[in-house]
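K.L.:
This is a predicted model, with the sequence first.
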Amino acid sequence: MPTAMAASSKAQFLTEVHALLKKRYKLEARAERPSILEAIIYGICHEGVAREQANQALSRFKDDFFDWNEVRVSSIEEIQGALADLPDPEGRAQHVRRFLRQLFEKTYGFNLDALAKKPQKEAAKALEEYEATSSDYVMATVVQQSLAGHAIPVDAPIRRGLARLGVAEPDADFATLRGTLERAVPKNRGHEFADLMEELTHDTCVEGPPDCPRCELRKICPTAPLRLAELKLAAKAVPAPIAPTAPGKAPKEKPATAPARASEPPPVAKPAAPAKGKAPRPK
């Protein structure tokens, strides 16, 4: 695993990362700014999973329940139905219902949009009263999407990608890493950078062995040469395949060579038989 690079070079390096990923991935336009409530629910759904999965989960909440109050009074099993395709649906369902119950107890309603009119720090301070925002990822999602602030949500997949790029330590604290990124990446590119890193970490820079041969960053990523060398060695270790035999036919065998015969003595000539008739008289 590559070590994290110096802070002075991170901004320039991440600018190059951004440019290369932008060539590879075509992002869809963002929808209108969500309400603060929806941003919190979305952050709970989105952490650790692809954006499309989180979008589908949020849509199921809106389609399958009459309103957020129905979600609040529903069982964990019923809420899990909207989160069925996500990892740990039970845990996420508990976070969603707990947040809605806390919100109702405090406001007797389901609207936090008044906070959007306050200064960002004041709004964020008010949101800290809810357990859901104890997740740095969820809080950053709200700041980025609903409060128009500069925030780059970092979850485990994005941290993994940044560690392989040498930008972060593998066990870096999420809030600390987010602060580092927000200093290195300008606000006008922060939203897009987060989306591009998400695409990368759910496409080639996946959990387990990364798919470096297909990665757009293989020429600048310090992990890529190591991974490509591993793949090359693995390919050399694989024995050559044996040509298949046609069905029903046994493989041809080479004819056995006849053993060499021992040398035999030449045949002995038999004496000539005497001619028939009288023997000649001696003179």
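P.N.:
Thanks, I have the structure now.
K.L.:
what's the spacing between the residue nearest the centre of the chain and Arg227?
P.N.:
In the chain, the residue lying closest to the centroid (CA atoms, centre = their mean) is Val206, at 2.2 Å. For Val206, the distance to Arg227 (CB to CB, to the nearest Å) stands at 12 Å. C-beta: built from backbone N, CA, C; applies to glycine.
K.L.:
Buried residues, the host helix or strand of Pro225. List them.
P.N.:
Element membership for Pro225, per DSSP states H and E: helix 224-237. Neighbour-count burial for helix 224-237 flags Ala224, Arg227 (criterion: 16 or more other CB atoms under 10 Å).
K.L.:
Can I get that helix as CSV, trimmed to CA atoms?
P.N.:
The C-alpha trace of helix 224-237 is given here as CSV (Å, rounded to 0.1, in the frame of the first residue of the first chain):
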residue,chain,number,x,y,z
ALA,A,224,-1.2,0.2,-10.3
PRO,A,225,2.4,-0.9,-11.1
LEU,A,226,2.3,-3.3,-8.2
ARG,A,227,-1.0,-4.8,-9.2
LEU,A,228,-0.1,-5.0,-12.9
ALA,A,229,3.1,-6.8,-11.9
GLU,A,230,1.1,-9.3,-9.8
LEU,A,231,-1.2,-10.0,-12.8
LYS,A,232,1.8,-10.5,-15.1
LEU,A,233,3.4,-13.1,-12.8
ALA,A,234,0.1,-14.9,-12.3
ALA,A,235,-0.3,-15.1,-16.1
LYS,A,236,3.1,-16.6,-16.5
ALA,A,237,2.4,-19.2,-13.8
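K.L.:
isn't Ile40 right up against Val138?
P.N.:
Yes: judged on CB atoms under 8 Å, Ile40 makes contact with Val138 at a distance of 6.0 Å.
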